[in-house]
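Chemist: Next input, structure requested:
(one chain, ligands or ions: 1)
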Amino acid sequence: EPVKFDFWFGLSGDLARVVDTLCKNFNESQKDYEVVCTSQGNYDATLQNTIAAFRAGKQPTVVQVYDVGTATMMLSGAYKPADKLMEENGYKIDYADYFPGIARYYATSKGEMLSFPFNSSTALMYWNKDAFAKIGKTEAPKTWEDVGADLKALKDAGYECPMAINISANESWQLMEQFSALHNQPVATKNNGYDGLDARLEVNKTKFVQYVTDLKKWYDAGLVKIKSKDLGQDMVQAFATGTCQVILTSVGDHGTVGRTQKEGMNWDVAELPVYAGTERKNSLVGGASLWVLSGKSDAEYKGAAAFLNFIHDPKTALFWSTNTGYIPVTKSGFDFMKSNGFYDKAPYKGREVAIESLTASEPTEITRGVRLGNFTQIRAEFGTQMQAIFANKVSVQEGLDTLVKNGDAILERFQQTYPGKTLP
Ligand SMILES: O=P(O)(O)OC[C@H](O)CO
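Modeler: Numbers count the residues shown, from 1 in each chain. So this is what the prediction gives:
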């Protein structure tokens, strides 16, 4: 009888099917362990359900935690450090093989790998080449000023939804966090939280204010439509079916768009635009890492170590990245894919743009990431305020001021939960 252990993850729909296949591949690759993989619906729910399960003593052995849950996990103390787990179980992992920007996001300041990078991404602009051809464009706009002009031209050419944005809770990632990084603008003080739990939000006085103002202006002019998950709308499908001509989303959706697109539709991905005159910085590493939780048996830990080792294998990287769009997290995985001609082939060719975006500059103190406690709640507040802004209930400045005020209260509560503690 193989030893069973649970893996909870946050991806859903088409991407969840790819995870299921990955789990099946692991189970078929050996006889000692059986991983039982269960989607929790989304990243937020995965973290919340894990915390609740932990309190009830029913936590899974392995859990996928999104990038911005890292600070919460680190301070929870509810994990078994992944690097220690591997060492205890006799696996030698070459940590220098991880891309430094990715490793750094999930490591402590001393470089310990508490969790293992799994699905790494960044945000890109997806654009419909057929629609842009109708307005005489063969390239994606590079500045937000050009985006504004192109959306207007698309509208004038008869397109009902030139661009769609998702203002649900989780979408602060591409709209607020990535935008801020590219423009080297802080989301929060203390270098986005890396330098202290007393960090507080700053998005009501950065370039982000101008961005929301422009998005709202374009929305009022019918150039931007809202396609939000919490309204039961699917922005990625709105693009894939040809309904909307531009979206901003994760490179992790690249495989899904390819599988579900309207037949014959020509599309591509490009780096997120920046405002004219901006010195572009690297975009943020998104996605999630795999944490191993405390309180499990030695046998389950052996299984978890074998699973992490399987995921670390360049062949798994090829399977995973091909079918999703997530970028390989190790140099060996990337080299293996290159040697297989991966990035030379359509439709995978465009995906290299994600790596270009991630490496556009050396990470600054601001662009290495965002490390704030209880970020799930801050994102929920983002969703609430963006909806109030777009429904004309408050002005852009009022909405962002409230986001900062309520977000700061969330950060303050987190700080009080861990008196005298600092991030590892
Ligand atoms: O859509 P993903 O998986 O690339 O993740 C996006 C963000 O990083 C979530 O925090």
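Chemist: Show me what counts as buried in stretch 24-42.
Modeler: Neighbour-count burial for stretch 24-42 flags 26-27, 33, 35, 37-40, 42 (criterion: 16 or more other Cβ atoms under 10 Å). For every residue, glycine as well, the C-beta is placed using N, CA and C.
Chemist: now stretch 7-18
Modeler: Result for stretch 7-18 [16+ other Cβ under 10 Å]: buried residues 7-11, 14-16, 18.
Chemist: Kindly indicate which of those residues lies nearest Asp130.
Modeler: Asp14 (22.7 Å; Cβ to Cβ).
Chemist: Identify the residue nearest that closest one in space, chain neighbours excluded?
Modeler: Thr256 (4.4 Å; Cβ to Cβ, 6 or more residues apart in numbering).
Chemist: thinking again about what came up before, which members of the buried residues of stretch 24-42 occur in helices, if any?
Modeler: If you go by DSSP state H, the buried residues of stretch 24-42 have 26-27 in helices.
Chemist: still on that earlier bit, can you classify the residue nearest to Asp14 by secondary structure?
Modeler: Classification of Thr256 using DSSP: H, G, I helix; E, B strand; the rest coil returns helix.
Chemist: quick one, what contacts it?
Modeler: 13-15, 236, 240, 324-325 (Cβ atoms under 8 Å, 6 or more residues apart in numbering).
Chemist: sorry, back to before: closest to Phe375 out of the buried residues of stretch 7-18?
Modeler: Using Cβ to Cβ, those come closest to Phe375 at Gly10, 13.9 Å.
Chemist: wait, doesn't the closest one sit right on Gly41?
Modeler: Yes. Between Gly10 and Gly41 there is a contact under Cβ atoms under 8 Å: 7.3 Å.
Chemist: for the strand or helix carrying Ser172, packing partners?
Modeler: Secondary structure assigned from DSSP states H and E places Ser172 in helix 172. For helix 172, the packing partners by 3 or more Cβ pairs under 8 Å, 6 or more residues apart in numbering; DSSP states H and E come out as helix 375-390.
Chemist: tally of neighbours for Leu85?
Modeler: 18 (other Cβ atoms under 10 Å).
Chemist: Against the ligand, how distant is it?
Modeler: Note on Leu85: its distance to the ligand, by Cβ to the nearest ligand atom, to the nearest Å, is 23 Å.
Chemist: What values do phi and psi take at Ile247?
Modeler: Geometry field for Ile247 lists phi and psi as phi -140, psi 160, criterion degrees, to the nearest 10.
Chemist: repeat for Val62
Modeler: The phi/psi pair for Val62 (degrees, to the nearest 10) is phi -120, psi 140.
Chemist: which ones are touching the closest residue to Gly303 other than its chain neighbours?
Modeler: Spatial nearest neighbour of Gly303, chain neighbours left out: Tyr33 (3.6 Å); criterion: Cβ to Cβ, 6+ apart. Taking Cβ under 8 Å, 6+ apart as the criterion, Tyr33 is in contact with 2-5, 26-27, 302-303, 306-307.
Chemist: contacting residues for the nearest residue to Asn42 once chain neighbours are set aside?
Modeler: The spatial neighbour of Asn42 that comes closest, neighbours along the chain excluded (Cβ to Cβ, 6+ apart), is Gly10 at 5.4 Å. By Cβ under 8 Å, 6+ apart, the residues touching Gly10 are 39-47, 64, 66, 288.
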